[in-house]
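**Student:** Pasting a predicted model and its sequence here:
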Amino acid sequence: MKNVRIAGWAAIGFVAVVVALNVVENVGTGRPDPGAAAEEVARWATDAAPYLWASTMLVPVAWVLLALVTVTMWEKAGSAEQSMFSPMLAVLGSAMTMGTLSAAIAADAVLISSIEVLSADAVEVLSGVATALFLLNWAALAVTLFGLSRTMLELRVAPRWTDRVSIAGSGLLVVGSMQSAAALNGVLPGLLLGLAGFAIWLLFLLVVGIRLIRADRTEAAVPTAAA
């Protein structure tokens, strides 16, 4: 059960890191809206550089925490002789998330470090690439959310209502990820659906994180093959 407790704390830690990253990058630094002019993006990258460097250093921490959650659930599903389809989706989704976020953060890092020598066209391209990757990442999160919710329901470590809510959240994330082209052209209302799905994703992880920790403390073990 030690791994389950670690996974619970990892889920809560992931939520905390992601919330902090979004507050720093979108509120603290005043990140421009998708499709903003090159001058606005350049001014933002220059003024917000210290905060953005801090956020890029936190991103790998989030990846490690998410990997701990998904791999632990994979292990528990295998030991309980459950179907491996849902855990496979969760691990695949987390790997996709890490890949798209890595590319998005790399684009932001290049933009920040080279802002003084980049042309206006290059600034717009890098900013657009980062925005598109962040939005496409919602589709990867949808896969992760769906896979984790189904896995935890089958292992009986999450209440049934979280599965229904997670299905809705996955759908909203997919719809939000489909708004990349519109967002880059300054059409933003569709992003609200993706943001709602993102909020459900964080709520799900917070709830199951608490459940996993409590399950360990009360010795309510995850079902195993011997149970």
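**Tutor:** Yes, it's here. Quantities reported herein were computed from a predicted structural model and do not represent experimental measurements.
**Student:** can you list contacts of stretch 173-180?
**Tutor:** Stretch 173-180 is contacted from outside by 131-132, 135-139, 141-142, 145, 187, 190-191, 193-195, 197-198, 201, using C-beta atoms under 8 Å, 6 or more residues apart in numbering. For every residue, glycine as well, the C-beta is placed using N, CA and C.
**Student:** Show me which of those residues are buried.
**Tutor:** For those, burial is judged from neighbour counts taken by 16 or more other C-beta atoms under 10 Å, and it is met by 131-132, 135-139, 141-142, 145, 191, 193-194, 197-198, 201.
**Student:** what separates the most centrally placed residue in the chain from residue 80, distance-wise?
**Tutor:** By C-alpha atoms, centre = their mean, the chain has its centre lying nearest to residue 141, at 5.6 Å. The gap separating residue 141 from residue 80 is 25 Å, by C-beta to C-beta, to the nearest Å.
**Student:** ok, now residue 49?
**Tutor:** Distance from residue 49 to residue 80, by C-beta to C-beta: 48 Å.
**Student:** sorry, back to before: out of the buried ones among the contacts of stretch 173-180, which one has the lowest pLDDT?
**Tutor:** Minimum pLDDT for the buried ones among the contacts of stretch 173-180 is recorded at residue 191 (78).
**Student:** Verify the stated contact: it with residue 138.
**Tutor:** No - between residue 191 and residue 138 there is no contact under C-beta atoms under 8 Å: 9.4 Å.
**Student:** tell me the mean pLDDT over stretch 76-94?
**Tutor:** On average, stretch 76-94 scores 87.
**Student:** got the CA positions of it in CSV?
**Tutor:** The C-alpha trace of stretch 76-94 is given here as CSV (Å, rounded to 0.1, in the frame of the first residue of the first chain):
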residue,chain,number,x,y,z
LYS,A,76,-2.3,-2.1,-9.2
ALA,A,77,-4.5,-3.1,-12.1
GLY,A,78,-2.0,-5.7,-13.1
SER,A,79,-1.8,-7.2,-9.6
ALA,A,80,-5.6,-7.2,-9.4
GLU,A,81,-5.9,-9.0,-12.7
GLN,A,82,-8.0,-6.2,-14.1
SER,A,83,-8.3,-5.3,-17.8
MET,A,84,-5.2,-3.4,-18.8
PHE,A,85,-7.0,-1.3,-21.4
SER,A,86,-7.8,1.7,-19.1
PRO,A,87,-4.4,1.8,-17.4
MET,A,88,-2.8,1.6,-20.8
LEU,A,89,-4.8,4.7,-21.9
ALA,A,90,-3.8,6.5,-18.7
VAL,A,91,-0.1,5.8,-19.3
LEU,A,92,-0.3,6.6,-23.0
GLY,A,93,-2.1,9.9,-22.3
SER,A,94,0.4,10.9,-19.7
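**Student:** still on that earlier bit, out of the contacts of stretch 173-180, which are inside helices?
**Tutor:** 131-132, 135-139, 141-142, 145, 191, 193-195, 197-198, 201 (DSSP state H).
**Student:** in the chain, what spans have low per-residue confidence?
**Tutor:** Applying pLDDT under 70 to the chain flags the ranges 1-2, 25-30, 181, 183-190, 216-227.
**Student:** try 80 this time
**Tutor:** Across the chain, residues meeting the criterion (pLDDT under 80) sit at 1-3, 22-36, 44-57, 80-82, 179-191, 215-227.
**Student:** Do a quick rundown of the helices in it.
**Tutor:** Applying DSSP H to the chain gives helices spanning 2-22, 38-47, 49-79, 85-113, 120-154, 160-177, 180-184, 191-217.
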